[in-house]
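K.L.:
Show me how the following folds:
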Amino acid sequence: GTGRDLFAKRKDGTLIPVEIGLTPFHADDEALVIASILDITERRSQQDKIRLAMDAASSAMVMVNDFGRIVLANQQACRSFGFAMAELIGESVDILVPKDMQRRHNVYVSSFLRSPGHREMGKGRTVTALRKDGGTFPVEITKPPINAHAGYDLMNKIINITARQASKLQSASINTRLNLNNTQ
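P.N.:
Numbering: from 1, shown residues only. Below is the predicted model:
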């Protein structure tokens, strides 16, 4: 049932989410299976709360495993990058990085995984993200590592800074005009 939602029916007819484990064995030349059924109602409830919290975030959030694959994304990430959720999950994070920056990005991520810690990407330089339609936009990325079972996952908080950059350019332009008027 990997990747599928499985349900068991209680005596009263209600359905509950379950995980089912099957263990084959032989006894007296007969092939048998032990079925373990685990009620995962509480786990599912907690996962739903986490999903609601992530989707309420105003920033795009994309979790990437140590193989560079997207394992989790929120709705803001889907809106920001123009992908459906199913198009993001399981894909390489490179689909969000412009082609000319992918090699450098992979070096940064490898370096980060060798020495994980809370970091911000893009401070003092321009970091660009890639949309599904091929368009790009400037971003700031915060990468707190999450110690996962077999390594580190990276929860990337991605902030589109297009408006901030436009505001800075507008302020600089106004300041330049004011300085020119004051010197005349």
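
K.L.:
What's the mean pLDDT across the biggest helix by length in the chain?
P.N.:
Of all segments of type helix in the chain, defined using DSSP state H, the longest is helix 162-183. The pLDDT scores in helix 162-183 average 75.

K.L.:
got the contact list for it?
P.N.:
With contacts defined as C-beta atoms under 8 Å, 6 or more residues apart in numbering, helix 162-183 is touched by 137-138. Where C-beta positions appear, they are placed from N, C-alpha and C, glycine not excepted.

K.L.:
Just give me how far that helix sits from the chain centre.
P.N.:
Centre-to-centre, helix 162-183 and its host chain are 36 Å apart (C-alpha atoms, centre = their mean, to the nearest Å).

K.L.:
Would you give the sheet partners of the lengthiest strand in the chain, along with the direction of each?
P.N.:
Scanning the chain for the longest strand, with DSSP state E as the assignment, gives strand 15-27. In the sheet, strand 15-27 lines up against strand 6-9 (antiparallel), strand 30-39 (antiparallel) (DSSP bridges).

K.L.:
Tell me which of these sits most buried.
P.N.:
The highest mean neighbour count among the strands paired with strand 15-27, using mean count of other C-beta atoms under 10 Å, belongs to strand 6-9: a mean of 12.

K.L.:
average pLDDT across that one?
P.N.:
For strand 6-9, mean pLDDT rounds to 94.

K.L.:
roughly how far out does that strand sit from the chain middle?
P.N.:
That offset, for strand 6-9, works out to 29 Å (C-alpha atoms, centre = their mean).
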